[in-house]
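J.: here are the coordinates; sequence isn't available:
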Ligand SMILES: [Zn+2]
Ligand SMILES: [Zn+2]
């Protein structure tokens, strides 16, 4: 048996463990840098792009999840330092990401697959009160959005390079 230096028995820490095990530098960057999150495998992998370093390539890393918690990342910091890196922490600190990654899979004989894929393709938001407080849906790919009452994701116009464009 190998020795797990992270200190947790099964290798999957709680949110508290991950935050306490992280360096303060990583935690600070996870809070203050701007990130774009793309779920590329439901409940398993989120691609995290650090938009605070616009103009440089190579700032997208894949954070892998197990049981709804970030467990590893493809970045160098995660590889060479102990504790969770800023990418995993950035997911951890953003409730919508954690909710999206922890929602149990619906296994309904496979008939729901298409519908489930569509649900994963957009996120639902509420406008600030002073903008009307309406619910709207936003494409995860091209980030175009439309009020839910106007049809939401089903009716919104995707950008030409969005992978949902051709589905229309
Ligand atoms: Zn990382
Ligand atoms: Zn789109």
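T.: Thanks, I have the structure now. Predicted model, so just to flag it, every value in this text is computed and none were measured. Ligands and ions are numbered 1, 2, ... in the order given.
J.: for the rest of this, base every contact and every neighbour count on C-alpha atoms.
T.: OK.
J.: all helices for the protein, in order.
T.: With DSSP state H, the ranges of helices along the chain come out as 15-21, 24-32, 76-80, 86-92, 95-102, 113-120.
J.: give me the nearest residue to residue 35, chain neighbours excluded.
T.: With Cα to Cα, 6 or more residues apart in numbering as the measure, residue 50 is the residue that lies nearest to residue 35, at 4.5 Å, once sequence neighbours are left out.
J.: what about that neighbour, neighbour count?
T.: 22 (other Cα atoms under 10 Å).
J.: look up how far residue 145 lies from it.
T.: Residue 50 is 22 Å from residue 145, where distance means Cα to Cα, to the nearest Å.
J.: same check, this time on residue 138
T.: To residue 145, residue 138 is 4 Å away according to Cα to Cα.
J.: how about the residues of the protein near ligand 2?
T.: Contact residues (Cα under 5 Å from the ion) of the chain with ligand 2: 139, 141, 142, 158, 162.
J.: so what's in contact with residue 138 and residue 145 at the same time?
T.: Common neighbours of residue 138 and residue 145, using Cα atoms under 8 Å, 6 or more residues apart in numbering, are 152, 153.
J.: looking at the protein, which helix or strand does the model trust least?
T.: Lowest mean confidence among the helices and strands of the chain (mean pLDDT, DSSP states H and E): helix 113-120, at a mean of 56.
J.: so which bits of the protein are right by ligand 1?
T.: Selection of the chain residues close to ligand 1 by Cα under 5 Å from the ion yields 73, 75, 85, 87.
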